Each structure stands twice: as structure tokens, then as C-alpha cells.
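S.K.: Attaching a predicted model along with its sequence, questions to come.
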Amino acid sequence: MCTKGLKTTAGSRILENYTPSFDATAVARLKEKGFAVVGKAAMDEFGFGTFSVNTFKVPKNPIDVLRSCGGSSGGPAAIVAASKHIMFALATSTGGSISCPAAFCGVVGLTPTYGAVSRYGLIDYANSLDKVGVISKTVRDAAKVLSIIAGSDEKDSTSLKVEKQDYTKFCGKDIKGLKIGVPKEYFEGVDKAVKENVEAAIEKLRKLGAKVERISLPLTKYALAAYYIIAMSEASTNLAKYCGLRYGSALDLKGNFNEYFSEVREQFFGKEAKRRVLLGTFVRMAGYREQYYLKALKVRRMIIDEFEKAFENYDVIAAPTMPIIAPKFSEIEKLTPAQQYAMDILTVTPNLAGLPHISVPCGFVGKMPVGLHLIGGHLQEGKIIQVADMYERA
Amino acid sequence: MSELKTKIGLEIHTQLNTKSKLFCGCPTAAEEPNAATCEVCLGMPGSKPVVNRKAVEFAVKLALALNCKVPSGCFFSRKTYFYPDMAKNFQITQYEKPIAADGKLAISGKTIQIRRLQLEEDPAAIKYPEGMKFSDYILIDYNRSGVPLCEIVTEPDFTSPAEARKFLEVLQTILEYIGVFDARTGTIRVDANVSVTGHPRVEIKNITGFREVEKALAFEIVRQESHVRRGEASKLIETRFYDPLTKSTELMRAKETEEEYGYIFEPDLTKLEFTKAFVDKIKSELPELPQQKAARFVNQYKITSDEAASIVTELELADVFEKLAKIDAKLAARWISVYLKKVLNFKGLRFKDVGLTERELSTFLKMVKDGEVSQRGGELLLRELILKPQDPQNLAEKLSLLQLAESELKKAVAKVLIENKKAVAAYRTGEQKVLQFMIGQVIRETKGRADAKTVLKFLKEKL
Amino acid sequence: MKMQEALLKAAELARLKLSKGELEQFSKDAQDILKLFSEIDKADTKKAEPAYQPIEIKDVYREDKTRKCLSQKDALANTRHNENGYFKGPRTL
């Protein structure tokens, strides 16, 4: 996120020494309220990753330094988890980059509805998927920060015309009678121990008065593909601007523009960035565009419709945030790219649909935290905050 | 040898006359390079576009003026390609959902189909320190980056360079009539697609100036014809540029396949809806268009269609004509469409830049009508007025162009006849030479402000 | 191999100069990843409209007013490739 006068690299060598001349809106709003930016944290390059390993300074999980912090906002989650004084950090989510590290580091991660917080100044990964959110120690703090940063911004055409409100008013409200849907698809392929923790957490919600019911969201199986196709196609266009001209890392001007651009991008993009730009370009190419890009947009519509139907009958959806606990770096190295993408399976669906979601710590496997994911309908941040806060207090 | 037919299609990019750019609040020009830029039009990371309402209204207005169908809404797209003038290496334009499609414009009795009309951002301007071919590096000015452009794509309905040029001239007139373009500050750039029978389509990119478009096309047609006749037509799809210095087209790139733009819908911008009420409102704001105006002039003022066509090429000229028509429509039409235009064209001026007022022109026309200046004198006077607008009476006096009004001249003739009874008598006995003497007397009497031919006419009448 | 050809074209379009090793590696990855992508082939999208954004947003405009812009100095501040007020770039031919 752009911070005026402070280096903003998006975790990439191609912006290694880049200093923006303006603040992102979310940052500016916090500054107006008297907050000060104390630092920038590590992340996967441009948000491309689930473990914050695709970057020049890999953050280590404060609970077990042989394990990943999650990603792509691994740095902020680690800092909030480890620091006594830093209460929250701004983070961004495209496919789950707030929830995942929050779950892996044992902190709260709140991702608002798409458009609830201005994306102005957010360095784009995928414009129809990026959201600015909060990683914090408590639900109440997340709600407080959201109250400050949310609200329409004329500089961002996709920021929703939502009235400013105080989201902390949803804290401390009991959840008796609130209906919680638990989709069976979200428990498939999840580690046994993780599942047990989450099921216990949901049981606790039931004891607190919520009505819990099993539901089915069959279109979930298409979400991962649709998400990655849209995300990569948008990302490949967003990254086109990095070519050693107006800003960012550059080389001496040699050769014609094709040679120069290719040389710069070859040298300064990381492997995952190249992979995603390549695939993102591929799915937009003539002959492939129809079956991949255009189709994925339609699948998104269908998934959104399926959620909307579910939210007609349920206030909140509950599930595990991630299928595993924070993996060891040695385990991550053995994963193929496709296997890494598949780890996002639980977080991509609400992200694809632009739904608000919050991850709260709900137990441990050994000493590693497990996250409970609460998903709400569009602009229903209040409900998920309410449930999450109640759970946290109990 | 069979006649080789020519097919020409045009892609016209016209800058729109808004105060600010299409996606940001920067002004559309500045004195210094890169002084009208911001994070949005420089493509800085984190910046986002927001659409200029006026630009959209202008585009819809133009679409309606070109008889296009305006759909219920439009959506922007990203066209991704790498070039040093691109702030983001993608251009925000329109692909599947443009502002309008299926329009038409008639020129010289032929209808040109307009395939589509879309709104998009202008790239930056490139300067070559040593010309395009020899520069080691280029200089880029982003003042132009983000200026709103309307792209108009025609079907390949043109069959000659002259036709293409005429279309462009008519189009520019329409642009000015509806107030979306100002030639003093905006530019129109043309990509021309041309193919001669037996030769694949060649695109000549980025031609500025309608004369240049005609020349580029003429050159290219000859080039293609000679290739076809020698059996050497290129198989590759060529993109060329026009060099106004050498007056020829040169190869930019030749590829086997078309450039790939990998269009996606622009996720940073929203759908724009065009309700019937909105479209109707814009339609109601359309002024009388040049072709309608010309037809009305012919009908209302009984002037020729050629005269009308010439007068309506500039709205200001048409307006002044209608004022002058109150004095004498036919006279006004002839003097404007022939003599005024002649001077403007010769000097490369536009009427609105000359600054000649309606009052000054009225005075002038009255002087011509009353015979205060001769035909030749009138032409001279008009030319001087165009070069330096001022009161015609004073100028005519200064330049000794004033003739006597007919009534005054007749009085002078009568006076000379009375004062020269001997000469009159001599004429009546058959002496023709006396006429010369009497003409001389009249001219002296009128202090040189008489036209010898007219004097002779009046003398003969009286004698 | 068709995949390598397509990836080479994508690399060219994206101005990524891939080494032989990178191309081979990415081709292998791509096989897997495209299999993952092809999951959506099975989805019946006949009746669905595309969702360009997750929420229906429309008619967001700004008024045609000018705003203060960057000074020339600030515009050029982020790169050493500038000369006399212009950005410098590589040649086009």
C-alpha cells in the first residue's frame, strides 16, 4: 500500500527503491485520526503467494520459526502476533491473503466487502478481487480500524457508496437466534486436527445461542479455477507497467523498447510473478480467452448467486480458514505451484464473491494456531464482527 | 490489364475538447513537458482511473450526430500492449461494449458506414531527438497521456484517397458544430487501412493532417499496385508509417499474425448506463448539422448547393451568412463561398480566427451592393479586411477604392453634360472622340472615383 | 509441443525474456495449472451473465474540472531516465 515518502516495494525487486508521492486512502484516513505508520512488512511479491516465500525477505512464523507465516500478508500477521505494542496492521486480500496469515499466526484477520474500503493507493494484484483489510489482536480493534478506513472514496470508482459507521457497535451483542450455515464442501480435504478444532468452535457458537445447520454449496468446486483465471489475467495486465521507465528498477537504456523492457522484467521479476504474468497472458489470448477468461467471469456470477441464496436463510457461514496449519518451509519447497494454489481452496470462494470474512483463532494443533472463518453477505460486516467478537469473549 | 480496385477504411482518433483528461483531473495541455501529469496519467502503482462525465456526453453526442445506434450502456476494456508512449502498457479503451455502433455519414452522395465509435485514452507524445530512424533514445511527454479520444472506425467503403479526405473534412465540421472539438487545441490522427486488389491490407499508422492522409494513401496505392503488377505482393500483414518529409510510407513492422491485445474488461471502472432519457436529452442538444444546414440554405435562401456546401464548412461562417442574407442572400452567398473562402484557403486561415465582425461584413456587403466599390475593388478590399479587420468604409477610402454610388455618378454625368454643351453637340454630329474627353471630365469631376466603363454606359444613356 | 509454443507467444506478448530452463520449467508447471483451470469446463454457464466485479456498481463519474497536478520535477523524480523535462526511453525502431 502506498505510503507517502516511505519505500513501498510490494515485496518486489522491481519496486525495490520506489517511494510513492502519495498516501493510499486507507493510510491517509488513519493518519488523519492520529495514527502513525511505524513500518512496512514483508509480503509475497505483488501478493502472489500463500506462504510469503515469494519475496526477498521471507518472514518466519513467530510461534515456530521453521514454519511459514502464511501469505501473502505474512509480514503484518507475524508482527501483530509477535509485537506487544503493535496492535494492528493494514493488509490486503485478493484470494485470502489476510485470512490465511491471520490463521497461521493466531491473530484476527478482517477482510471487508469488496469496495467497502477504497483501493486507491493499493498496488494492484487483481482489481476486481483486491480488498484492503485489517490484521489485529482483537476483533474489536479490527472493527475500530475498519470504521476509520471504510467509506466511499471518489478517487476509486469501485468504492461503494457506503455510509461511514462505527462497526464496534456490533461488538458485545449476543448471537442468540443468529443462523449459521456450515457448508460441507469446506470440510473436504481438511486436516483432521484442524477440522476438530473448527468443529469445536462451531459447537461453542451453538452453545452461545446460534442456530447451526449443515448446508451445501456445490459450486465451490469451481471457485479455485475461476479465481486464479481472473486473478492472473488481471494481474498480467497490472504488471505490464513495470518496465524500467517512469519509476522502479531500471537498467541503462540500450536496444529498442522490446529488448529493454524484456531485459528489465527478466531481471527484476521473481519466479512466481513471471509464472502468473505468463499464465495470465495466456488465458487472455485469442483462442483461449473464451474458454478461460470469459467463462471464469460467468462462473463468478454463478458462485455469487449461490451465496446470495444461502444468505437469504443464514446470517453467517462458518468454516475452517485454511485446510492445514502453517507448514514448514521444507514442506513448502516440495509443493508444485498447482499444489500451492490448491491451499487457497477455502479462502478463494468468499474472496471471489467479494464477501466480507473474518478469521479468528479457535484452537491449536500442537502449538500452531487454527483459524475459524466467518463469512457474511455483501456489506454484512456487522454480523461477522458480532459473531467473531462473541466467540472471542467466550 | 484489369483495373485494380482500391478499398480504404479509416480509424480516426479525435481528441475531445474537455477541460480535464479522461481519467484524472489534469488539464489537457501545459506549457512545459510533463507539467500536466499526475499519478493516474503517469501510470504510477496504486493509482486508479475515474471517468470524466463530459467526455462520455461528448462521445454520445458525436455518435448521435453520426447516426449511430447507442446501446443501453457501455463498459471499458484494457488493451494490453507494450510501447514507450503507454503509461501503463495497457490502454483503457472499449472493445466488446463501445459507446455506439452502426452509424453512417453521407459525403458527395455516397454513404460511408461507420462500424463503431468508442472512447479511449490518448497515449503520451514521443519526440525523436534525431528523427525516428536515427535516434538512440526517445523523449516522452505525458501531458498528452490520458487526453480523451473518440475513435471512429469506418467500414472500408472509400474507393479513393480524395474520398477519404472529403470524409475527414466533413467529419471535422461536424465535430466543431457539436462543440466537441477545437482545432486550435485538439488534433485528429488517422490510421488508414488500404488494400489494392491482390495485395493484403496495409495499415498506415498515425497520420496527422487530412492532406497528408490523402498523400499517404495515394503513395501507398501506387506502391501496392506496382507490387501486384510485378507479382510481388507481400504475404505478411504490414504496418507502415507516413513520413511527411519524404512523402512516402515506410515499414514499421511486418508480422505473420495480428498483434494480440488480450482484452479484459477494465475492473477499475464501472458499467455506464445510457437510459432513454439520457440519450434523448443529448439528442435534443444537437444543433442543426452541416448537411441539414446546407439543405436549408438552398431552400430558404435560394442559393446553389455548391455555395451552401462551401458556406457551412465553418459554423461561424454559416452564422454570418444568415445575418448577411438579410441584405442580399445571393450576393452574400457568392462573396462568401467564392471570394472570402478563396482568401481564407490561400492564407490557410479559418474564419473564426480572422476576427472580422458581422457588422464589418455587413458594411462591406452593402458597399458592394450599392456599387460603392467595383468587382475588382471589392475583391481587393475584402482581402485587406481579412488580413486586418477594420471598418470597410475607412479602408476603402484609404486605398482609394471607393466608387461613387450610382446616383452620385449619374449626377456627375448630368453636370458634365450641362457644362460641356459644345462637346455634346459635337458628339451628336457624329464625333466619337468626344466621348473620351467626356469620360475624362466625369472622372475628374468625381475625383477619380468613377469606373470608366460605367461612365461610358451612363453617358451613352443620356446622349 | 503446443504448450511450449503458446507459452513462448505469451512470453513475447508479456515481454518476458525466458531462458531455455525457465521455459521448460514453466511449461511443466503450466500443464498442471491448466488442468486446474480446466475444472471450469464442467460448469454450465449458459444462462450466466459475466460478473466484471463482485458487486453491481454503475455510473461512477467525475465532473470535468481540473485539479492541481504534479510539478514537472515531482513527475520525473522517480527515475534517472529523464532529460530536460522529458522522460527518456529506449528507441522505438
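M.R.: Right, received. Where do you want to start?

S.K.: Which strand in chain C has the most residues?
M.R.: Ordering each strand of chain C by length in residues (DSSP state E) puts strand C:86-90 first.

S.K.: would you list every one of the strands in chain A?
M.R.: A:88-93, A:108-111, A:131-136, A:179-183, A:211-215, A:316-320, A:357-365, A:368-376.

S.K.: ignore the last one, chain C
M.R.: Under the criterion DSSP E, strands of chain C are mapped to C:61-62, C:82-83, C:86-90.

S.K.: So which of those is the most surrounded?
M.R.: Compared across the strands of chain C, strand C:86-90 shows the largest average neighbour count, a mean of 23 (mean count of other Cβ atoms under 10 Å in any protein chain shown). Using the backbone N, CA and C atoms, a C-beta is placed for each residue, glycine as well.

S.K.: Adjacent strands (with direction) for that one?
M.R.: Using DSSP bridges, the strands paired with strand C:86-90 in its sheet are strand B:137-141 (antiparallel), strand C:82-83 (antiparallel).

S.K.: averaged over its residues, what pLDDT does it have?
M.R.: For strand C:86-90, mean pLDDT rounds to 96.

S.K.: which other residues reach it?
M.R.: A:245-246, A:253-257, A:259-261, B:33-34, B:84, B:126-127, B:137-142, C:76, C:79, C:81-82 (Cβ atoms under 8 Å, 6 or more residues apart in numbering or on different chains).

S.K.: Could you do stretch B:374-383 as well?
M.R.: By Cβ under 8 Å, 6+ apart, stretch B:374-383 touches B:335, B:339-340, B:343, B:364, B:367-368, B:373, B:392, B:395-396, B:399, B:401-403, B:451.

S.K.: Doesn't residue B:103 lie inside a helix?
M.R.: No. Under DSSP: H, G, I helix; E, B strand; the rest coil, residue B:103 falls outside any helix and is assigned strand.

S.K.: How about the contacts made by residue B:121?
M.R.: Taking Cβ under 8 Å, 6+ apart, one finds B:21, B:22, B:23, B:41, B:91, B:92, B:93, B:145, B:146, B:147, B:148, B:149 in contact with residue B:121.

S.K.: mind listing which of those are in strands?
M.R.: Checking the contacts of residue B:121 against DSSP E, those in strands are B:91, B:92, B:93, B:148, B:149.

S.K.: Now for those: which two are most distant?
M.R.: Distance extremes for the ones in strands among the contacts of residue B:121: the farthest pair is B:91 and B:148 at 12.3 Å, using Cβ to Cβ.

S.K.: With neighbour numbers in mind, choose between these two.
M.R.: Taking other Cβ atoms under 10 Å in any protein chain shown, residue B:91 and residue B:148 do not tie; residue B:148 has more neighbours (28 against 20).

S.K.: tell me the contacts of that one?
M.R.: B:15-16, B:18, B:21-22, B:52, B:55, B:58-59, B:119-122.

S.K.: I'd assumed residue A:200 was in contact with residue A:206.
M.R.: No. Using Cβ atoms under 8 Å, residue A:206 is not in contact with residue A:200, being 10.6 Å away.

S.K.: max-length helix in the chain?
M.R.: In the absence of a named chain, chain A is used. Assignment by DSSP state H gives helix A:295-313 as the longest helix of chain A.

S.K.: my bad, the chain I had in mind was chain C
M.R.: Under DSSP H, chain C gives helix C:20-37 as its longest helix.

S.K.: Show me what that helix is in contact with.
M.R.: The contact list for helix C:20-37 (Cβ under 8 Å, 6+ apart) reads A:224-225, A:228-229, A:274-275, A:278-279, A:282-283, A:292, A:336-338, A:341-342, C:1, C:3-4, C:7-8, C:11, C:18.

S.K.: list the buried ones in the longest strand anywhere in chain B?
M.R.: The longest strand of chain B (DSSP E) is strand B:110-121. Neighbour counts over strand B:110-121 (16 or more other Cβ atoms under 10 Å in any protein chain shown) mark B:112, B:114, B:115, B:116, B:117, B:118, B:119, B:120, B:121 as buried.

S.K.: in its sheet, what does the helix or strand of chain B with the lowest mean pLDDT sit against?
M.R.: Across the helices and strands of chain B, the lowest-confidence element by mean pLDDT, DSSP states H and E is strand B:248-255, at a mean of 78. Here strand B:248-255 has these sheet partners by DSSP bridges: strand B:237-243 (antiparallel).

S.K.: Not counting its own residues, what contacts the partner strand?
M.R.: For strand B:237-243, contacts defined as Cβ under 8 Å, 6+ apart pick out B:132, B:200-207, B:212, B:215-216, B:219-220, B:248-258.

S.K.: Can you select the buried ones among the residues you listed for me in ChimeraX?
M.R.: Only the buried entries of the contacts of strand B:237-243 go into this ChimeraX selection, using 16+ other Cβ under 10 Å:
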select /B:202,203,204,205,207,212,215,216,219,220,249,252
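
S.K.: just to revisit the earlier point, partner strands of the longest strand of chain B, with direction?
M.R.: Strand B:110-121 has these strand partners (DSSP bridges): strand B:100-107 (antiparallel), strand B:148-154 (antiparallel).

S.K.: just those: most buried one?
M.R.: strand B:148-154 (a mean of 24).

S.K.: coming back round to it: using TSV, lay out the contacts of residue B:121 together with pLDDT.
M.R.: What follows is the contacts of residue B:121, written out as TSV (pLDDT from 0 to 100):
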residue	pLDDT
B:21	98
B:22	98
B:23	98
B:41	97
B:91	98
B:92	98
B:93	98
B:145	98
B:146	98
B:147	98
B:148	98
B:149	98
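
S.K.: Let me know the closest of these to chain A.
M.R.: Nearest to chain A among these, counting by Cβ to the nearest Cβ, is residue B:23 at 9.3 Å.

S.K.: ok, now how distant is the residue lying farthest from the centre of chain A from chain C?
M.R.: In chain A, the residue that sits farthest from the middle, by Cα atoms, centre = their mean, is residue A:255; the gap is 39.7 Å. Per Cβ to the nearest Cβ, to the nearest Å, residue A:255 is found 6 Å from chain C.

S.K.: List the contacts of that residue.
M.R.: Residue A:255 touches A:263, C:90, C:91, counting by Cβ under 8 Å, 6+ apart.

S.K.: Over to it: give its phi and psi.
M.R.: Here is the backbone geometry of residue A:255 (degrees, to the nearest 10): phi 70, psi -180.

S.K.: any idea how far residue B:293 is from the closest residue to chain C within the stretch 1-150 of chain B?
M.R.: The minimum distance from the stretch 1-150 of chain B to chain C, using Cβ to the nearest Cβ, falls at residue B:25 (3.2 Å). Computed as Cβ to Cβ, to the nearest Å, the residue B:25 to residue B:293 distance reads 36 Å.
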